[in-house]
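A.B. asks: Mind looking at a prediction? Sequence and model below.
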Amino acid sequence: MRGTAGLREGRFSEHPAGSIHAPALLAAARRIATVSLKWHPAVEFVQRAEGHLMSKRTVLPAPVTRRDPESGFALHGQWFDDPYMWLERLDDAETQAWIAEQEAVTHGVLRAVSGRSTLREAVDRFTRHARLSAPIRTGSDRELLWQASVSDEKLVLRMRRGEDAPLETVLDPNTWPSDETLVFAEPSPDGSLLAYGKATGSTHDAVIHVLDVETGQLLPDRPRGTNHSSLAWRPDGSGFFYAACPAHGEVPPGEEAHWNAIYEHRLGSITPARRIFGDDQVKEYWCTVKVSECGRFAVLYKWDYVHANVVHLLRLADDALLPVAPAMRSLNQVQVLDDVLLVHTDLDAPRGRLCVAPLTAPMEWRTLISEDADTLQTVAGVGGRLYAVYSHAASHRVRIHARDGTYLRDLVLPALGSVNHNDGGGVVSGVTGAWSGGEVWVSFTSYVHPPSIYRYDYAADQLVPYHVPDVGLDASAYETEQVWYESRDGTRVSMFLVRPKDVPRDGRCPVRLSGYGGFNISLEPRFSALSAAWLKLGGALAFPNIRGGGEYGRSWHEGGLKMRRQNAFDDYIAAARCLVASGLTTPDRLVSRGNSNGGLLVAVTAMQAPEAFGAVYCRAPILDMLRFPKFGFLSSAISEYGSPDDPVEGAYLAGYSPYHNVRADRPYPVTTFVSALNDRITPPYDPLKMVARLHAEATQGGPYFLLPLRASGHGGGTTLTALIEQDVDELSFYCWALDIAIP
């Protein structure tokens, strides 16, 4: 539902349990702004008069939510009421009607924000630009690349037959229905075939299709299993390896999202793909696969979420399975280079080291590059040299080594920024190319530089621009600085601050604070259209590198793990208070934003320190920490959060679980909870239940909004248009909550 729906009479109540409380709005107004001032040429704070707030109150009734007083569960001898558990049934007519009513209220506010069209123009400009990948070389004369024009909603795969040949279209997802999306695509080694994963309404549950590049026809092959991912071709193009969950009926009901394994599919075969690697004891493990450049080995990974993995080599000549890292006790990435094996590991090196082993004895590792003060994220063998990407205080440095590990030089990047990125196979190097080739490709982005690709000329020691898109943002108009502050226990935490150079540090600057703090994921400098639009409006960005992330190695991640999770929350609250103490802003001008695990972070910290934040944008979160393992494959996340079934860990989770810690006496900030209704990563019903409970039990704060994202998965919409509209909604909330007037 995109338009503002009409509110039907008789569906709302003036009782505090079913409405957004007027005194809370007035209190929020007094907290948000008391003076009118211009803080940037494009933006102005406007005073909120009480009469104005009362007029807002008349259009902000909260739909009545049915409460089931009998609903709940017992855990470790304690009863936890769950009166809104019925909202977990997303397809029920009652739930759908409730979502539509909440959506109408939210849209009625966000889409009435004055200047919304200006926000859309800014986001559109920063989103719609020419896109181009580095060329994908094949064993034939074919060269493939991904490309999109300003008007394309989705990337298009094109092919060139020879250096001067014209580009031909191979696969154009823009011709598909708008809710269908391309999740992954891998050309066969000679470029004659393309295996790709397509999903509907999200990027989840992809299904593999195989395209004949020459004829443009789809092959009849339908690989076994569900939720296909991580595909790698056999060198002769006769088939491919891929990761999948079992087909329905192959495992007990309720376990379909588990038992992920590697299968091999042979093209044209009527025999189901054979399962070649996985686990028969632990259903939560998941798998990925790569095929070595030399074509002799498939590298098989089995992951305990992001905490550790097991690695084996499958020798393709005889299907022999060779252990490389057979124990689930470290994180490892493996690359075959000629007759040796490179092993990047954090075993006995929390910040990472690089080892080498002979292929004849792949478990006999010898250290090639020792652990350093910086965190070694990736090592890529390209063009006969080793390119090591380090996290140096949460931004990237690239060091070049000879094959024997000898340090050669640093590769100087365009600015403080990022090279690597995260995906389902861990951290992926942004330095790419063939070990036997001569081309070195380097990806780069920062808070003010869009994702770009450079060719590195080793002889000249120079990055040559290959694709640096023009998005209309003048990077020189903004400054990025890194500050350090103390958390509650005295731990020093780093934080990036990005702001326009002409914004004074006078306590009047609106700031968006964003965090993550979990799953060994690093919060590093990256460009987004949403952030660029906020900067263009004169706002500042703050990104603290809190514990639970991977910025400073395994010990930093473990510092926010399980029953040390409070450290991450304390780090984040301390970041908000640091911004205020620095004179940059005040709590009333600070919006806290988090996605996924970051959504949990901003919800918990708003519950624990509501006075620290002026507004909260909580996107695709987990909010019920006592029942999260019951959703999809989230039971595997107990390695990160701990298990509710464990008496000690369960009590700890109950102590901070947002849904179970709503207090009637606390004036929580105005908050938007965002639910991606097709989400398969986090429970899409958690935001629904949280909004219902806050409306009923936390009337001293708010208001609280539900923003459902339709035809969207964990990453948002399936087209640029949908993603732009979602960003505009988010910016509209910032401006409404902080009373920012947009010309």
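C.D. replies: Looks like it came in fine. Numbers count the residues shown, from 1 in each chain.

A.B. asks: Return the set of residues that bridge with residue 143.
C.D. replies: Residue 143 has these beta-bridge partners by DSSP bridges: residue 137, residue 160.

A.B. asks: Quickly list the domain ranges of the protein.
C.D. replies: 16-112+476-741, 140-188+190-234+236-294, 372-472 (automatic domain parsing).

A.B. asks: What is the neighbour count of the residue lying closest to residue 536 once chain neighbours are set aside?
C.D. replies: Nearest residue to residue 536 in three dimensions, chain neighbours excluded: residue 122, at 5.5 Å (CB to CB, 6 or more residues apart in numbering). For glycine as for every other residue, the C-beta is placed from the backbone atoms N, C-alpha and C. Neighbourhood size, residue 122 [other CB atoms under 10 Å]: 25.

A.B. asks: So for stretch 318-331, what gets flagged as buried?
C.D. replies: 322, 324, 325, 330, 331 (16 or more other CB atoms under 10 Å).

A.B. asks: from those residues, which single one is nearest residue 289?
C.D. replies: residue 324 (13.5 Å; CB to CB).

A.B. asks: The closest one belongs to a helix?
C.D. replies: No - the assignment for residue 324 (DSSP: H, G, I helix; E, B strand; the rest coil) gives strand, which keeps it out of a helix.

A.B. asks: Contact partners for it?
C.D. replies: 311, 312, 313, 332, 334, 341, 343, 357, 362, 363 (CB atoms under 8 Å, 6 or more residues apart in numbering).

A.B. asks: make it 6 Å
C.D. replies: Contact partners of residue 324, counting by CB atoms under 6 Å, 6 or more residues apart in numbering, are 311, 313, 334, 362.

A.B. asks: got the residue ranges for the helices in the stretch 51-200 of the chain?
C.D. replies: In the stretch 51-200 of the chain, the helices defined using DSSP state H, counting those that start in this stretch lie at 93-110, 116-127.

A.B. asks: Can you lay out the ones you listed as JSON lines showing distance to residue 373 and mean pLDDT?
C.D. replies: JSON lines is the format used below for the helices of the stretch 51-200 of the chain (distance: least, CB to CB, whole Å; pLDDT from 0 to 100):
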{"stretch": "helix 93-110", "distance to residue 373": "46", "mean pLDDT": "97"}
{"stretch": "helix 116-127", "distance to residue 373": "36", "mean pLDDT": "97"}
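
A.B. asks: Using TSV, lay out the ones you listed together with distance to residue 629.
C.D. replies: What follows is the helices of the stretch 51-200 of the chain, written out as TSV (distance: least, CB to CB, whole Å):
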stretch	distance to residue 629
helix 93-110	22
helix 116-127	36
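
A.B. asks: Just flag the most distant two among the buried residues of stretch 318-331.
C.D. replies: Counting by CB to CB, the most remote pair of these is 322 and 331, 19.5 Å apart.

A.B. asks: about what we covered before: which of the contacts of residue 324 ranks first by neighbour count?
C.D. replies: Using other CB under 10 Å as the neighbour test, those are led by residue 334, with 24 neighbours.

A.B. asks: Please report the distance of that residue from residue 321.
C.D. replies: 14 Å (CB to CB, to the nearest Å).
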